[in-house]
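[1] I would like to see how this sequence folds:
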Amino acid sequence: MRRSTERETALEERCCTYTVEHGGLALKLRPIVGRGFPDRTILFADGHVWFAEFKRPDGSGEVAAQQKAWGRLLRERGYGVYFIDRDADFHVAWDKERAKANA
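    Numbering: from 1, shown residues only. I've put the predicted structure just below:
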């Protein structure tokens with residue numbers, strides 16, 4: 001369910017809590033060069049890594065050109081990159097990445 005008054009930080013916090021509760025890490029990394037790096041680097045306990053960029057749950061958040069460029073660069077190297085504006089989107093991404101990690 002989308003909550004029009006909810007901020008993207010609340011969504012991000014819930015997803016980070018879920019990650020930690022399930023044995024992972026949700027790191028907030030900021031590269032020295034450039035802008036638009038995904039909000040969170042998700043690490044599973046088995047070493048699998050993927051990236052999450054959080055957007056406003058009301059659907060009004062736009063993906064900036066720099067964010068698209070980082071997404072493309074990371075995907076070209078085999079990483080999963082997801083733009084998430086709902087809890088359900090995070091759980092879909094989680095399940096896809098868990099399946100890749102277990103393959």
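
[2] mind jotting down where the helices sit in this structure?
    Counting by DSSP state H, the segments of the chain that form helices are 8-21, 65-76, 87-102.

[3] of all the ones you listed, which one is nearest residue 55?
    helix 8-21 (6.0 Å; Cβ to Cβ). (C-beta placed from N, C-alpha, C; glycine too.)

[4] residues in contact with the closest one?
    The contact list for helix 8-21, computed with Cβ atoms under 8 Å, 6 or more residues apart in numbering, reads 25-26, 39-40, 42, 52, 54-57, 61, 84-87, 90, 94.

[5] only alpha carbons, please: show it as CSV.
    Extracted in CSV, the C-alpha atoms of helix 8-21 (Å, rounded to 0.1, in the frame of the first residue of the first chain):
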residue,chain,number,x,y,z
GLU,A,8,11.5,7.7,1.3
THR,A,9,13.7,7.5,4.4
ALA,A,10,11.0,5.6,6.3
LEU,A,11,10.8,3.0,3.5
GLU,A,12,14.6,2.8,3.4
GLU,A,13,14.8,2.3,7.2
ARG,A,14,12.2,-0.6,7.1
CYS,A,15,14.1,-2.3,4.3
CYS,A,16,17.4,-1.9,6.2
THR,A,17,15.9,-3.3,9.3
TYR,A,18,14.6,-6.3,7.3
THR,A,19,18.0,-6.9,5.9
VAL,A,20,19.7,-6.9,9.3
GLU,A,21,17.0,-9.1,10.8
